[in-house]
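> What follows is a predicted structure for the sequence shown.
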Amino acid sequence: MKDYSRYFTGYPEQIVTQVMQLINNNKHGAYLTKKYPHAHTITSDKSLYAYATELKKCYLKNAPPFGRAAFKKQGDMVTNALGTHTYRMQGKTRKHDLAINSDLLRAPEPLLKALVVHELAHFKEKDHNKSFYALCCHMEPEYHQLELDLRIFCVLVTQGKNPYYLLK
């Protein structure tokens, strides 16, 4: 059996133990589908852009302009990143772009939101520090729980068991 504990680095030992028991007993899919019964309906780059733009308007009004948002294949969801935030210069304006791992095309909306919030927080905070996570929690009060659940989702995808491909 593969060891997925690396997906949960930085979490308290008690949490890692509980999550690993879920995974080892093959109950992590049931845990997620009970908590999040449906996949989101954001299935195009255009709808992802609109979704991310609305979140930015609500929480980051004074942040630099938003550029693009796209679903992209990015390899292993934990090692290679679930999402990326980059910026580019367009004339004299700095444009921020988001790329979300295409494995999240079939995921619950709260997990997608947690990832988009994470990437939007990089508009203001480059590093993963206290201010960064405070901003994530400002935009999504359940951010830390959603991030943990997102990592459980990553295990399912890595195992080829995304339950949201089967749900309508």
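Yep, it's here.

> which residues of the chain fall in strands?
66-72, 83-90, 93-101 (DSSP state E).

> If I average pLDDT within each of the ones you listed, which one is lowest?
Among the strands of the chain, strand 83-90 carries the lowest mean pLDDT, at a mean of 54.

> Can you pull out the low-pLDDT segments for this protein?
Within the chain, the segments meeting pLDDT under 70 span 1, 74-95, 166-168.

> Swap in 50 and give it another go.
Scanning the chain for pLDDT under 50 picks out 79-80, 88, 168.

> Check it and tell me which residue is nearest its centre.
When the chain is reduced to its mean C-alpha position, the nearest residue by Cα atoms, centre = their mean turns out to be residue 115, at 2.5 Å.

> Quick check: that one vs residue 26, distance?
Plainly put, residue 115 is 25 Å away from residue 26 if you go by Cβ to Cβ, to the nearest Å. From N, CA and C alone the C-beta is placed, and that goes for glycine too.

> hmm, back to that, wait, doesn't the residue nearest to the centre of the chain sit right on residue 104?
Yes: counting by Cβ atoms under 8 Å, residue 115 does reach residue 104; the two are 6.5 Å apart.

> Quickly note the distance from the residue nearest to the centre of the chain to residue 42.
In terms of Cβ to Cβ, residue 115 sits 11 Å off from residue 42.

> Likewise for residue 137?
On the measure of Cβ to Cβ, residue 137 and residue 42 end up 22 Å apart.

> count of neighbours near residue 109?
Residues near residue 109, counting by other Cβ atoms under 10 Å, number 14.
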